[in-house]
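Q: no sequence for this one, just the structure:
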Ligand SMILES: Cc1cc2nc3c(=O)[nH]c(=O)nc-3n(C[C@H](O)[C@H](O)[C@H](O)COP(=O)(O)OP(=O)(O)OC[C@H]3O[C@@H](n4cnc5c(N)ncnc54)[C@H](O)[C@@H]3O)c2cc1C
Ligand code: SF4
């Protein structure tokens, strides 16, 4: 009989781990959410929803769009993640950048994994061929300011992209790669996916896990396992560990984002691929972005959407924040705030050069969606991919392992880490048998 592996979560890390582990194990993926459905509302309905002021609390976004979970920290930051098959990748903008510099500094060489990824995930800047006038003009504005803009590598098939601007609402064309493709592969190989199964804790006996307990509807169910791989994401994995008596570090990072917008008649950025290009700065990035969250939440972001143009700042924040089973504590440190202020000033300059009236720019909602860092890998863990706080047959394969904020798209790096975790985990089991 093959050994049994439970993978908790089906996002970037979980889907990758499940697909790789199914070669050695009988894999069951336990996923708290259900099947992913894109938001089906057209622009008119979204504008009516905005004008109704019904979405006064970010948690209410779940009502029309169950895959997206958003809530505000006591410090005022809105945290966003996906809860569905495919995890947060389903509501990502498809950016695919290799960002493993800090891991390499620890001694972790992921070249082999990234070579595999190149063969498995289509990544290109071919979307550039379809850029609308607004994007081309913004690119020129970035360029004139010496910001060295680069077309963003996107995961997916550019020829199928219709530049509809709905990447974070769920790609209606299937042009954007998301982790559901890896979940499908895992299922084809024999893995099982149990949806609406929210893992609460590990069941531990003598320093090892015998399985997990998950909440499924009104019931709690025990799922036995020989190996457990936690990939519930930066907000999901720490509560499971904490409930199992294993503490996580108060080193949460989230890559905070602020979009500064201005008004320019019929700019139609709302119908353009999100984040078409990027400018890398010291500790933050700048990229054009129509921010649907700010559009829904902020009264200053007045309808109609086609008249708004935004540029986002995404910073690599300090590793200072906590995730517990009941709350997330996260705000901006003084260093983070300084980076954000520098970015805001640059966004204003860009928008001015683009043609937005001076003094007529306004910030959006401070939000974040790249959580991680509470079970950080150290140089000592690189060989085993197994932080010593974990029980012997429990692994983590998500952003929680990242040692510091990337301030950049993390999916590809998480996929690479999860591939390595799965490989090491399979080797360990082979040795033990
Ligand atoms: C709006 C937005 C746009 C983004 N765009 C990009 C982008 O373009 N490129 C990029 O690289 N990154 C992007 N990101 C970030 C990226 O999507 C995430 O960092 C990445 O998906 C995290 O991978 P993960 O495996 O750690 O967790 P996730 O992908 O979040 O997966 C975790 C999964 O675990 C499930 N889960 C949670 N708790 C439990 C539990 N107790 N039991 C069972 N299941 C559980 C969740 O439902 C979820 O499906 C974006 C994020 C957001 C919010
Ligand atoms: S712009 Fe539209 S078609 Fe293109 S990737 Fe985004 S959601 Fe898909």
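A: Perfect, thanks for sending it. For clarity, every value in this text was computed on a predicted model and none was experimentally measured. Ligands and ions are numbered 1, 2, ... in the order given.

Q: for residue 150, what are its contacts?
A: 277-280 (C-beta atoms under 8 Å, 6 or more residues apart in numbering). (Glycine included, C-beta is placed from N, CA and C.)

Q: out of the residues you listed, which comes closest to residue 65?
A: Proximity of the contacts of residue 150 to residue 65 was ranked by C-beta to C-beta; the top entry is residue 278 with 25.8 Å.

Q: residues from the stretch 301-433 of the chain in reach of ligand 1?
A: 369-370, 398-399, 409-411, 414 (C-beta under 6 Å from any ligand atom).

Q: from those, which land in helices?
A: Among these, the ones falling in helices (DSSP state H) are 411, 414.

Q: returning to that earlier point: could the contacts of residue 150 be laid out in TSV, adding distance to residue 205?
A: Putting the contacts of residue 150 into TSV (distance: C-beta to C-beta, whole Å) gives the following:
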residue	distance to residue 205
277	52
278	48
279	52
280	48
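
Q: tell me the most packed of those, by neighbour count.
A: In terms of neighbour count, residue 278 stands highest of the contacts of residue 150 at 24 neighbours, by other C-beta atoms under 10 Å.

Q: what strand or helix carries that residue?
A: strand 277-280 (DSSP states H and E).

Q: now the helices for the stretch 251-400 of the chain?
A: 292-297, 334-354 (DSSP state H, counting those that start in this stretch).

Q: and those helices, which one's lowest on average pLDDT?
A: Mean pLDDT per stretch puts helix 292-297 lowest among those, at a mean of 94.

Q: what packs against that one?
A: With contacts taken as 3 or more C-beta pairs under 8 Å, 6 or more residues apart in numbering; DSSP states H and E, helix 292-297 sits against helix 43-52, strand 78-82.

Q: what do you get if the cut-off is 10 Å, keeping everything else the same?
A: If contacts are counted by 3 or more C-beta pairs under 10 Å, 6 or more residues apart in numbering; DSSP states H and E, helix 292-297 sits against helix 43-52, strand 68-72, strand 78-82, strand 257-263, strand 308-315, strand 367-368.

Q: which one of the ones you listed lies nearest to ligand 2?
A: helix 43-52 (12.9 Å; C-beta to the nearest ligand atom).

Q: so what does the closest one touch, helix or strand wise?
A: Partner elements for helix 43-52 (3+ C-beta pairs under 10 Å, 6+ apart): helix 292-297.

Q: the helix it packs on near ligand 1 anywhere?
A: No. Against ligand 1, helix 292-297 shows no contacts by C-beta under 6 Å from any ligand atom, the least distance being 7.8 Å.

Q: buried stuff in that helix?
A: Neighbour-count burial for helix 292-297 flags 292-297 (criterion: 16 or more other C-beta atoms under 10 Å).

Q: for the residues you listed, which one is nearest ligand 1?
A: Closest to ligand 1, out of all of the buried residues of helix 292-297 and judged by C-beta to the nearest ligand atom, is residue 293, at 7.8 Å.

Q: that closest one contacts residue 367, correct?
A: Yes. Contact criterion C-beta atoms under 10 Å: residue 293 and residue 367 qualify, at 5.7 Å.

Q: related to what we said a few turns ago, pick the most buried one from the helices and strands packed on helix 292-297.
A: strand 308-315 (a mean of 27; mean count of other C-beta atoms under 10 Å).

Q: pairing partners for that one, with directions?
A: Neighbouring strands of strand 308-315 in its sheet, by DSSP bridges, are strand 257-263 (antiparallel), strand 284-288 (antiparallel).

Q: closest one to ligand 1 among these?
A: Per C-beta to the nearest ligand atom, nearest to ligand 1 of the strands paired with strand 308-315: strand 257-263, 8.4 Å.

Q: quick one: that closest one to chain centroid distance?
A: For strand 257-263, the separation from the chain centroid amounts to 20 Å (computed by C-alpha atoms, centre = their mean, to the nearest Å).

Q: could you number the chain from 744 rather than 1 from now on?
A: From this message on, residue numbering opens at 744, which makes the last subject strand 1000-1006.

Q: now do that strand, average pLDDT.
A: 97.

Q: re the thing from before, let me have the contacts of residue 893 in TSV, extended by distance to residue 993 and pLDDT.
A: Shown next, in TSV, are those (distance: C-beta to C-beta, whole Å; pLDDT from 0 to 100):
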residue	distance to residue 993	pLDDT
1020	35	98
1021	30	98
1022	32	98
1023	28	98
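
Q: nearest to ligand 1 among these?
A: The closest of the contacts of residue 893 to ligand 1 turns out to be residue 1021 (C-beta to the nearest ligand atom; 10.3 Å).

Q: how close does the closest one sit to ligand 2?
A: Applying C-beta to the nearest ligand atom, to the nearest Å, the value for residue 1021 to ligand 2 is 16 Å.

Q: which residue packs closest to that residue, ignoring adjacent ones?
A: Leaving aside its chain neighbours, residue 1021 sits nearest to residue 1030 (4.6 Å; criterion: C-beta to C-beta, 6 or more residues apart in numbering).

Q: what bridges to that neighbour?
A: Here residue 1030, judged by DSSP bridges, has bridge partners residue 1055.

Q: let me see the contact set for the residue of the stretch 944-1093 of the chain found nearest ligand 2.
A: The nearest approach of the stretch 944-1093 of the chain to ligand 2 comes at residue 1016, 4.0 Å away (C-beta to the nearest ligand atom). Applying C-beta atoms under 10 Å, 6 or more residues apart in numbering to residue 1016 gives the contacts 836-837, 870-871, 873-875, 878, 895, 897, 899, 901, 904-910, 914, 918-919, 1031, 1033.

Q: could you flag which of the residues you listed are buried?
A: Burial by neighbour count, 16+ other C-beta under 10 Å: within these this picks out 836-837, 870-871, 874-875, 878, 895, 897, 899, 901, 904, 906, 908-910, 914, 918-919, 1031, 1033.

Q: next step: those restricted to helices.
A: Reading helices off those with DSSP H, I get residue 878.

Q: return the residues of the stretch 944-1093 of the chain in contact with ligand 2.
A: residue 1016.

Q: on that earlier part again, which among the residues of the stretch 1044-1176 of the chain next to ligand 1 end up buried?
A: Counted by 16+ other C-beta under 10 Å, those give 1112-1113, 1141-1142, 1152-1154, 1157 as buried.
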